[in-house]
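Undergrad: Here is my input, please return the structure:
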Amino acid sequence: DGGRATGHVAAGITERKLTVSPISSGVPSRPYGSWFFIGEVLTTAEVVGVPSPGPSERKRCGVACRHCIDICPTGAIHAPYQLDASRCISYLTIELKGSIPGNLRPKMGNWIFGCDICQEVCPWNGKVPLSMEKGFAAEDSARTPDLGKLMELDQSEFRKRFKNSPVLRTKRRGLLRNVAIALGNWGNPHAIPALELGLLDQEPLIRSHSAWGLGQVATKKAYNILENALTSEEDPQVIEEIREALSACKEKKVPILKEISAIVPQRKAEEIACSTKLTLPSFALADGIASSKVDPPGCPTALLPSL
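TA: Sure thing, here's the model as predicted:
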């Protein structure tokens, strides 16, 4: 009746200061849980007949159950029905186009395109039926992709690999930015070749996050690569990231694997390094890709379960 309206699908509208979250402070359904693509309509017209959650539903979330609040890696869900989308891993890895804040990178684990931890632990989703829609099924090759191989993708290969996939939304530079963070969080020297490749990429965003990743690995080799890159880098933000990564290397001094190796044989050192590292489970996502699990050589895969 003369009202104006605009539609949005499956994304919180944070950039316009109208935060409508599609994750965990959303609208669960008794038979189907919270696995929905949410369509949003902003309108000036009066809307009538829209039911609001009843008292019993509100008691279920945030009072009797706090699973999603307590498990959120970045603290994005900070209170019942309150989500800071700017801290959400789904927002950071998909919607955010620039640099990911340094304080949130270690909390992202190995998630490279979205995160559904809050939905995985939600009791509403415990017995929901699986969708028969083939378009929602993740391809086997996309469930736990090899991070090193992803870092090798050029623009043409990226578009070919993810043709007709939501991953194209984040673009190559966004995905490889996320890959660099996952490799840095792995913290294993075997990540160095991929991060060194990222440090040579034409995209400053990829170079800056690869520098951060090398700073997390913090071996002598990683330090030398960063030092050499500093002599030729021209982008101010990348230069700042390299300097911070060099400082991180100096602070860490000796990587855990090298430190253990001085005491026990190499094979045993790898086992100890595996057993002391935080396990990072991978989940198949509706978007068709999962967080990538990357095991240190010799580590039993059971340490990183696929759920």
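
Undergrad: Next, the distance between the ends of stretch 120-131.
TA: One end of stretch 120-131 sits 15 Å from the other (C-alpha to C-alpha, to the nearest Å).

Undergrad: ok, and for that stretch, which residues are buried?
TA: For stretch 120-131, the buried set under the neighbour-count rule, 16 or more other C-beta atoms under 10 Å, comprises 121-122, 124-125, 128. All C-beta atoms are positioned from the backbone trio N, CA, C, and that covers glycine.

Undergrad: okay, the one helix or strand Leu195 maps to in PDB with CA atoms only?
TA: Element membership of Leu195 [criterion: DSSP states H and E] is helix 192-199. Extracted in PDB, the C-alpha atoms of helix 192-199 (Å, rounded to 0.1, in the frame of the first residue of the first chain):
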ATOM      1  CA  ILE A 192      56.200 -22.300   5.800                       C
ATOM      2  CA  PRO A 193      56.300 -23.100   2.000                       C
ATOM      3  CA  ALA A 194      52.600 -22.100   1.600                       C
ATOM      4  CA  LEU A 195      53.000 -19.000   3.700                       C
ATOM      5  CA  GLU A 196      56.100 -18.000   1.800                       C
ATOM      6  CA  LEU A 197      54.200 -18.300  -1.400                       C
ATOM      7  CA  GLY A 198      51.400 -16.100   0.100                       C
ATOM      8  CA  LEU A 199      54.000 -13.500   1.100                       C
END
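
Undergrad: Which residues does it contact?
TA: The contact list for helix 192-199 (C-beta atoms under 8 Å, 6 or more residues apart in numbering) reads 147-148, 151-152, 176, 179-180, 183-184, 206-207, 209-211, 213-214, 217, 219, 221-222, 225-226, 229.

Undergrad: Which positions in stretch 161-174 come out as buried?
TA: By neighbour count on 16+ other C-beta under 10 Å, the buried set for stretch 161-174 is 161-162, 166-167, 170-174.

Undergrad: Which ones among the contacts of helix 192-199 map onto strands?
TA: Using DSSP state E, no member of these sits in strands.

Undergrad: Can you tell me which of those residues are buried?
TA: Applying 16+ other C-beta under 10 Å to these, the neighbour count classes 147-148, 151, 176, 179-180, 183-184, 206-207, 209-211, 213-214, 217, 219, 222, 225-226, 229 as buried.

Undergrad: What is the burial count for Ala218?
TA: By other C-beta atoms under 10 Å, the residues close to Ala218 number 24.

Undergrad: and the gap between it and Gly184?
TA: To Gly184, Ala218 is 10 Å away according to C-beta to C-beta, to the nearest Å.

Undergrad: likewise Asp84?
TA: Distance of Asp84 to Gly184, given as C-beta to C-beta: 23 Å.

Undergrad: repeat for Glu227
TA: 17 Å.

Undergrad: again, but for Lys97
TA: Using C-beta to C-beta, we find Lys97 at a distance of 20 Å from Gly184.

Undergrad: do the same with Lys149
TA: 17 Å.

Undergrad: same thing with Ile69?
TA: Where Gly184 is concerned, Ile69 sits at a distance of 27 Å (C-beta to C-beta).

Undergrad: any low-confidence regions in the protein?
TA: 1-28, 30, 37-39, 49-60, 62, 140-142, 253-307 (pLDDT under 70).

Undergrad: how about the helices of it, start to end?
TA: 55-60, 67-71, 89-90, 117-120, 140-143, 147-151, 155-161, 171-186, 192-199, 204-217, 220-232, 236-252, 256-261, 266-276 (DSSP state H).

Undergrad: which one of these lies closest to Leu104?
TA: helix 89-90 (8.3 Å; C-beta to C-beta).
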